[in-house]
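Colleague: here is a sequence together with a model predicted from it:
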Amino acid sequence: MSAPTRRSVLRGLALATAATALPLSALASSPAFAAGSPDGYIPPLRQMRGMWIASVVNIDWPSKAGLTVDQQKAEYLAWLDLAQVRKLNSVFVQIRPTADAFWPSSFEPWSEWLTGVQGQDPGYDPLAFLVEETHRRGMAFHAWFNPYRVSMQPDPAKLHPEHPGRKHPDWIVSYGGKLYYNPGIPEVRAFVQDAMMDAITRYDIDGLHFDDYFYPVNTTAFDDSAAFAQYGAGFPDLAAWRRHNVDLLVQEMQQRIRQAKPEVAWGISPSGIWRNKSTDPLGSDTAGGQSYDNLHADTRGWVRKGWLDYIAPQIYWYIGQSNANYAKLIPWWSGVASGTGVQLWIGQAAYKAGADGQPAEWFQPGELTQHLTLNRNHPEVGGDIWFSAVDVREDRLGSLSTVATDHYTRPALGPLLPRLANGQAPRRPVLATARRAAGGVELHIVATGSTIPFQFAVFRFDREAGPGDFADARNLVGLVPAGRNVRWVDPEGGQGATYYVAAVDQVNRISEPSDGRTVR
C-alpha cells in the first residue's frame, strides 16, 4: 500500500432458530462473550478476514511483468489457495495502480505491471478472471484503486501516447519523482470516477476500495497553484481547499456507487492517524503523521458523516509504540466508528513482522496475534486486512500461522453492511441427505428458488439446535460455494452429528436454516 517498492512502497448475531421467527439475517457482526468456551470467548460468525494483493511495481501479483497468461493465472490461483489455507474470506486486489487498467478500459491504457509495456494487451481479461476465480472459491473480490497516482516515474513523455495525461498535460502534476492527476481540477475528479466506475459497472465486483493516496504532501512543492487560483476562491488557505477536493471525491464516489451498484461495499484504508491530540482535542494520543494535515484526508469526518460503508485504518504499529501505540489507536478508532453504521476493519502490518530493519518488537512471534486479541475488547472492530500477500505467504516467525491458530479456528461469514441487512435473504435450502462416507460425512445440499445463492453455511451439532445456537461460530464447520446441487464432505463429522444448512447471498445475507439431519 503506502510504498512504491517492497521496501520503499511501505509506509509508515444474535440468531435464533426458525421457531423463534427471528431471521438469520439478524446475525450479529461483532464478537460476543459467553460461558461455554474455554476462555469465555465465542468467535464472531461474521468477520472481515482480508488480504491485500498489490500489483504496483509487481509487489505481489503478477510477481513480475511479462509473465505468460498461464503463469499469471497460476500465480493468482496460488494466492487464492493461500487465502483459503489461512481461512480468509476476502481479497483486495489492486487493479488500477497508476492511472491504468487491469481490464479492457476505454478510459485508460492497459497497465504496464501486466506486460512491462503500458498499453500492451495482455492477451486476456485479467479482471474477469480474477473475479470469477475468487467467487469460485466463495470469497469476496474487492477492487482496489488508486485515484490520483499516474506514474512511478516523473516524465509525462514516457506515458502511453493515448494516455489521458498526454492528452491533457494540464491535468498532471510532477512531484517526488512521480506523476499525479491534479485533484483540484473538477474534470479530473469526474474522469477518475468514470474510469473506476467502468470496472464497477461491467464486472461482478463486491467492493470498491481506496488506500491512503490522495494528495502526496502538504506543501506548495506539489504545484497546483494554477488550479487553486482558478477554483480556490472562498477557501481560507490551500490546505482547506485541497481537503475539500478530497471530500468531494469521497462523497461523490458514495453517491455514484449507491446509484449504479448499491450492493457494492465502498471503503477506504487510510493512514492510521487522523490527527494527534496535541493538534486537535478530538485526535488520538499519538505523535505521528496526520492524514488530515499531511494528505488532506479528513478520515474521521468521512466516518462521522457516513460517507463510507467501512474504513480500514492502517494501524501499522506495535503495541506500546511510543509515538503510535496500537493499543491506543484501536479504542480511538472504535470511538470514531461507534454509532455511525460504518464498519471498522483494521489494516495489519504483516510486512513488518520479522522483517529486516524493524525494531525488536516486530521480532516477537506473538505481536500480530496480540493485536487481534486486543481487538476482541472492542466490538466495533469487525475484522482485519493483511498487507500484503507476499508477507502472508512468507509467514516470518510463524506470525500469521499463529494468528490463524489463535483466531481463525472456525470459518467466518463476511461482514453484512447495515444498510443491506433488511434486504431479501436467499431462499432456505434443503439438506437432502447427511450420511457417513469415505473421509467423513457427506452432505447433499439443494438450492431452492430460481436464484442460486453464493454460499452454503454448514452448521454441525451433537444434538438438535436450539435458540441462539446458529449465532455461535463454533458450530459453523463450512462455507461451501453454492450450486443447484452440491455435495460436500465434513472430514470431522461422524455418527450422531446433526447438520443444518443455510444459504448465503453475495452480500452475506443468510437464510433460515434447513431442517436438521442426524447421521445414523
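Modeller: Yep, it's here. If you're wondering where the values come from, they're calculated on a predicted model, not measured in any experiment.
Colleague: only C-alpha atoms from now on, for both contacts and neighbour counts.
Modeller: Fine.
Colleague: helix or strand for the closest residue to V390 other than its chain neighbours, which one?
Modeller: If the residues on either side of it in the chain are set aside, V390 comes closest to D60, at 5.8 Å by Cα to Cα, 6 or more residues apart in numbering. Using DSSP states H and E, D60 falls within no helix or strand.
Colleague: just the helices in the chain please.
Modeller: Using DSSP state H, the helices assigned to the chain run over residues 69-85, 112-115, 126-136, 164-167, 186-202, 225-231, 238-260, 291-294, 299-304, 326-337, 367-375, 389-394, 399-407.
Colleague: among these, which comes closest to V519?
Modeller: Distance to V519, taken as Cα to Cα, is lowest for helix 69-85 among these, at 27.4 Å.
Colleague: which of the residues in the closest one are buried?
Modeller: Neighbour counts over helix 69-85 (16 or more other Cα atoms under 10 Å) mark 69, 72-73, 75-77, 79-80, 82-84 as buried.
Colleague: now do it against helix 126-136, angle only.
Modeller: 30 degrees (axes from the mean of the first three to the mean of the last three Cα atoms, to 10 degrees).
Colleague: CA atoms only: put helix 69-85 into PDB for me.
Modeller: Taking C-alpha atoms only, helix 69-85 is exported to PDB below (Å, rounded to 0.1, in the frame of the first residue of the first chain):
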ATOM      1  CA  VAL A  69      -1.200 -15.600 -19.400                       C
ATOM      2  CA  ASP A  70      -1.000 -19.100 -17.900                       C
ATOM      3  CA  GLN A  71       1.800 -18.000 -15.500                       C
ATOM      4  CA  GLN A  72      -0.300 -15.000 -14.300                       C
ATOM      5  CA  LYS A  73      -3.300 -17.200 -13.800                       C
ATOM      6  CA  ALA A  74      -1.400 -19.800 -11.900                       C
ATOM      7  CA  GLU A  75       0.100 -17.200  -9.600                       C
ATOM      8  CA  TYR A  76      -3.300 -15.700  -8.800                       C
ATOM      9  CA  LEU A  77      -4.800 -19.100  -8.100                       C
ATOM     10  CA  ALA A  78      -1.900 -19.800  -5.700                       C
ATOM     11  CA  TRP A  79      -2.800 -16.600  -3.800                       C
ATOM     12  CA  LEU A  80      -6.400 -17.900  -3.500                       C
ATOM     13  CA  ASP A  81      -5.000 -21.200  -2.200                       C
ATOM     14  CA  LEU A  82      -3.100 -19.300   0.400                       C
ATOM     15  CA  ALA A  83      -6.100 -17.300   1.400                       C
ATOM     16  CA  GLN A  84      -8.200 -20.400   1.800                       C
ATOM     17  CA  VAL A  85      -5.500 -22.100   3.900                       C
END
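Colleague: for that helix, what is the average pLDDT?
Modeller: For helix 69-85, mean pLDDT rounds to 98.
Colleague: can you give the distance of it from its chain's centre?
Modeller: 18 Å (Cα atoms, centre = their mean, to the nearest Å).
Colleague: ok, and what's touching that helix?
Modeller: 51, 61-63, 89, 91, 122-124, 129-130, 133-134, 137, 389, 393 (Cα atoms under 8 Å, 6 or more residues apart in numbering).
Colleague: make it 7 Å
Modeller: 61-62, 123, 134, 393 (Cα atoms under 7 Å, 6 or more residues apart in numbering).
Colleague: and stretch 490-505, by the same measure?
Modeller: 426-429, 431, 436, 439-442, 453-464, 510-520.
Colleague: which of those residues fall in strands?
Modeller: Taking DSSP state E as the definition of strands, these contribute 431, 436, 440-442, 455-461, 517-518.
Colleague: coming back round to it: so which of the helices of the chain is nearest T448?
Modeller: helix 126-136 (19.6 Å).
Colleague: now do that closest one and helix 186-202, the angle between them.
Modeller: 50 degrees.
Colleague: which strands or helices does helix 126-136 pack on?
Modeller: strand 140-145 (3 or more Cα pairs under 7 Å, 6 or more residues apart in numbering; DSSP states H and E).
Colleague: indicate each strand paired with the strand it packs on and its parallel or antiparallel sense.
Modeller: Partner strands for strand 140-145, per DSSP bridges, with pairing direction: strand 90-96 (parallel), strand 207-210 (parallel).
Colleague: deepest of those, which one?
Modeller: strand 90-96 (a mean of 25; mean count of other Cα atoms under 10 Å).
Colleague: any stretches of the chain with poor pLDDT?
Modeller: 1-40 (pLDDT under 70).
Colleague: so what's V93 closest to, chain neighbours aside?
Modeller: I53 (4.8 Å).
Colleague: my guess is that neighbour meets P62, correct?
Modeller: No - using Cα atoms under 7 Å as the test, I53 is too far from P62 to be in contact (9.4 Å).
Colleague: check which residues of stretch 228-239 are buried.
Modeller: Quick answer for stretch 228-239 (16+ other Cα under 10 Å): 228, 232, 238-239.
Colleague: for stretch 282-300, same thing?
Modeller: 283-300.
Colleague: now stretch 242-253
Modeller: Result for stretch 242-253 [16+ other Cα under 10 Å]: buried residues 242-247, 249-250, 252-253.
Colleague: likewise for stretch 511-520?
Modeller: In stretch 511-520, counting by 16+ other Cα under 10 Å, buried: 511-519.
Colleague: and the closest residue to V246 other than its chain neighbours, what does it touch?
Modeller: With Cα to Cα, 6+ apart as the criterion, V246 has its nearest non-adjacent residue at 6.5 Å, and that residue is A297. Going by Cα under 7 Å, 6+ apart, A297 touches 243, 246, 291.
Colleague: and if you look at G398?
Modeller: G398 neighbours (Cα under 7 Å, 6+ apart): P365.
Colleague: do that again at 10 Å, thanks
Modeller: For G398, the contact set (Cα atoms under 10 Å, 6 or more residues apart in numbering) comprises 353-354, 365-366, 392.
Colleague: do the same with D194
Modeller: D194 touches 107, 188, 200, 253, 256, counting by Cα under 10 Å, 6+ apart.
Colleague: any chance of the strands paired with strand 140-145 in JSON lines, plus distance to Q343?
Modeller: Output for the strands paired with strand 140-145, formatted as JSON lines (distance: least, Cα to Cα, whole Å):
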{"stretch": "strand 90-96", "distance to Q343": "15"}
{"stretch": "strand 207-210", "distance to Q343": "13"}
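Colleague: how about those, which one is nearest V173?
Modeller: strand 90-96 (18.4 Å).
Colleague: what's the domain layout of the protein?
Modeller: 46-149+185-420, 430-518 (automatic domain parsing).
Colleague: now these as CSV including distance to L159?
Modeller: Listed next are the domains of the chain as CSV, based on distance: least, Cα to Cα, whole Å:
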stretch, distance to L159
domain 46-149+185-420, 7
domain 430-518, 38
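Colleague: Y124 and P104 touch, don't they?
Modeller: Yes - assessed by Cα atoms under 10 Å, Y124 is found in contact with P104 at 9.0 Å.
Colleague: show me which of these two is the more surrounded one.
Modeller: Neighbours of Y124 and P104, each counted by other Cα atoms under 10 Å, are more numerous for P104; the result is 21 against 12.
Colleague: show the contacting residues for that one.
Modeller: Here P104 is in contact with 110-111, 119, 121-122, 124-128, 198-199 (Cα under 10 Å, 6+ apart).
Colleague: drop anything exposed from the residues you listed.
Modeller: Here, 16+ other Cα under 10 Å leaves 110-111, 119, 121-122, 126-128, 198-199 buried among these.
Colleague: my read is that L248 contacts R189, right?
Modeller: Yes - the pair formed by L248 and R189 meets the contact definition of Cα under 10 Å, at 8.5 Å.
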